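[1] Whatever this is, show me its structure:
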Amino acid sequence: HVHIELVTAALPEGLRQVVSRFVALLCVLVCVVLAWKGVELCLRNLERNDFDVRAYFYPRWLLTISFPIAFGFMAVEFARVVFGREILHSGEAGIH
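    Just a heads-up that it's a prediction; the model follows:
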């Protein structure tokens, strides 16, 4: 991420806006795919009645339900960057 900030800091403001929103859009797409795959995994665990048997018999869907929820929330957050005022890359490399 340090190298990305160095590159985006060198970009003109307009181009930095476009690049940053494009990166956020790619992140939305990745998170949506992973959330969808998480839903499929969770449903498969329910269908098969899978259990995690490492220490206790624990329904596996209770473990995998976190995937679609977490990736869904991340997709929403990245979408806020795509369509919101703020961008991911400040243009100030190394400054917090």
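[2] Can you report how many residues neighbour residue 64?
    Neighbour count for residue 64, taken as other CB atoms under 10 Å: 20. C-beta coordinates here come from the backbone N, C-alpha and C atoms, glycine included.
[3] how far away is it from residue 29?
    Note on residue 64: its distance to residue 29, by CB to CB, to the nearest Å, is 21 Å.
[4] Contacts for stretch 18-30 next, please.
    Contacts with stretch 18-30, where a contact means CB atoms under 8 Å, 6 or more residues apart in numbering, come from 8, 11, 74-75, 78-79, 81-82, 87-89.
[5] For ChimeraX, what selects the buried ones among the residues you listed?
    In ChimeraX, a selection of the buried entries from these looks like this (16 or more other CB atoms under 10 Å):
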select :8,74,75,78,79,81,82,87,88,89
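[6] now the contacts of stretch 18-30 as JSON lines including distance to residue 58, pLDDT and secondary structure?
    JSON lines is the format used below for the contacts of stretch 18-30 (distance: CB to CB, whole Å; pLDDT from 0 to 100; DSSP: H, G, I helix; E, B strand; the rest coil):
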{"residue": "8", "distance to residue 58": "44", "pLDDT": "76", "secondary structure": "helix"}
{"residue": "11", "distance to residue 58": "49", "pLDDT": "83", "secondary structure": "coil"}
{"residue": "74", "distance to residue 58": "25", "pLDDT": "96", "secondary structure": "helix"}
{"residue": "75", "distance to residue 58": "28", "pLDDT": "97", "secondary structure": "helix"}
{"residue": "78", "distance to residue 58": "31", "pLDDT": "94", "secondary structure": "helix"}
{"residue": "79", "distance to residue 58": "33", "pLDDT": "95", "secondary structure": "helix"}
{"residue": "81", "distance to residue 58": "36", "pLDDT": "89", "secondary structure": "helix"}
{"residue": "82", "distance to residue 58": "37", "pLDDT": "91", "secondary structure": "helix"}
{"residue": "87", "distance to residue 58": "42", "pLDDT": "80", "secondary structure": "coil"}
{"residue": "88", "distance to residue 58": "37", "pLDDT": "75", "secondary structure": "coil"}
{"residue": "89", "distance to residue 58": "42", "pLDDT": "68", "secondary structure": "coil"}
